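J.: With the sequence up front, the predicted model follows.
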Amino acid sequence: EAGVAQSPRYKIIEKRQSVAFWCNPISGHATLYWYQQILGQGPKLLIQFQNNGVVDDSQLPKDRFSAERLKGVDSTLKIQPAKLEDSAVYLCASSQRPDYSYNEQFFGPGTRLTVL
Amino acid sequence: AQSVSQHNHHVILSEAASLELGCNYSYGGTVNLFWYVQYPGQHLQLLLKYFSGDPLVKGIKGFEAEFIKSKFSFNLRKPSVQWSDTAEYFCAVKNGNTGKLIFGQGTTLQVKP
């Protein structure tokens, strides 16, 4: 089965610019996650969707980050305006069943963002 | 707040050496435990997982982990490492109630041939 797809794989922007990342989860997966992984740290959950509804966005910096999952399939994560500290790898993951049951998250290759 | 701590940031071993990577978590409720691996240039993939039952869990590529509830630990082991095990390893805890996945900071394993 096809894995989680993400694009672009790399992005370099200047601070104060805007950027958007795209994710297409594994077909049939209802739950979609966006993580931020800063160099030397583990992934940190930014937002979790169940179908097209937000389950958890407690760690999403809402003044500059936004995410949507229209139609409950693919998703976009946007940063506007970007700051230097947003330089990180942005990972998308999906899982088949609601997150409180026995299930595994499958990760995409990530988008490496560099903010200059 | 829930957290995960990995004891070693960078481990260097020779081939055939034994491996043990430490992982401790802080949460008193129901947890599910995972080890993920990220090989150079590849994406995160699941190595093994614990949900319930036998606390000794076997994963892919000869890895295993032991859940010790009293110590809040889930250490990863492999009796004999190979050069191909060079990667970054992440321990993660999922809150059984909310489903939120919390990762440790990762351990970089370098295996010398």
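T.: Everything's here; your move.
J.: Give me the secondary structure label for the residue most central in space within chain B.
T.: The centroid of chain B falls nearest to residue B:35 when counting by C-alpha atoms, centre = their mean (3.6 Å). Assigned by DSSP: H, G, I helix; E, B strand; the rest coil, the conformation of residue B:35 is strand.
J.: tell me which residues form a beta bridge with residue A:115?
T.: residue A:13 (DSSP bridges).
J.: In this structure it contacts residue A:13, no?
T.: Yes: Residue A:115 is within contact range of residue A:13, at 5.9 Å (criterion: C-beta atoms under 8 Å). For glycine as for every other residue, the C-beta is placed from the backbone atoms N, C-alpha and C.
J.: Can you pull the residues of chain A lying near chain B?
T.: For chain A, the residues in contact with chain B (C-beta under 8 Å from any C-beta of the partner chain) are A:3-4, A:33, A:40-45, A:48, A:55-56, A:91, A:93, A:98-100, A:102, A:104-105, A:107-110.
J.: quick one: the strands in the chain?
T.: Looking at chain A here, since you left the chain open. A:5-7, A:10-13, A:19-24, A:31-37, A:44-50, A:53-56, A:65-68, A:75-79, A:88-95, A:106-107, A:111-115 (DSSP state E).
J.: please go with chain B instead
T.: Ranges of strands in chain B, per DSSP E, are B:3-6, B:10-14, B:19-21, B:23-26, B:31-38, B:45-50, B:56-58, B:64-68, B:73-78, B:87-95, B:101-103, B:107-112.
J.: So, low pLDDT: which residues of chain B?
T.: Applying pLDDT under 70 to chain B flags residues B:28, B:96-99.
J.: returning to that earlier point: would you mind listing which of the residues of chain A next to chain B are buried?
T.: A:4, A:33, A:42-45, A:48, A:55-56, A:91, A:93, A:99, A:105, A:107-110 (16 or more other C-beta atoms under 10 Å in any protein chain shown).
J.: CA atoms only for stretch A:58-67, dumped as PDB, please.
T.: Provided in PDB are the C-alpha atoms of stretch A:58-67 (Å, rounded to 0.1, in the frame of the first residue of the first chain):
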ATOM      1  CA  SER A  58      -2.900  22.600  22.000                       C
ATOM      2  CA  GLN A  59       0.700  23.000  20.800                       C
ATOM      3  CA  LEU A  60       0.000  24.700  17.600                       C
ATOM      4  CA  PRO A  61       1.300  28.400  17.600                       C
ATOM      5  CA  LYS A  62      -2.000  29.700  16.300                       C
ATOM      6  CA  ASP A  63      -0.800  33.300  15.800                       C
ATOM      7  CA  ARG A  64       1.300  32.000  12.800                       C
ATOM      8  CA  PHE A  65       0.500  28.400  12.100                       C
ATOM      9  CA  SER A  66      -2.700  27.100  10.600                       C
ATOM     10  CA  ALA A  67      -3.800  23.700   9.300                       C
END
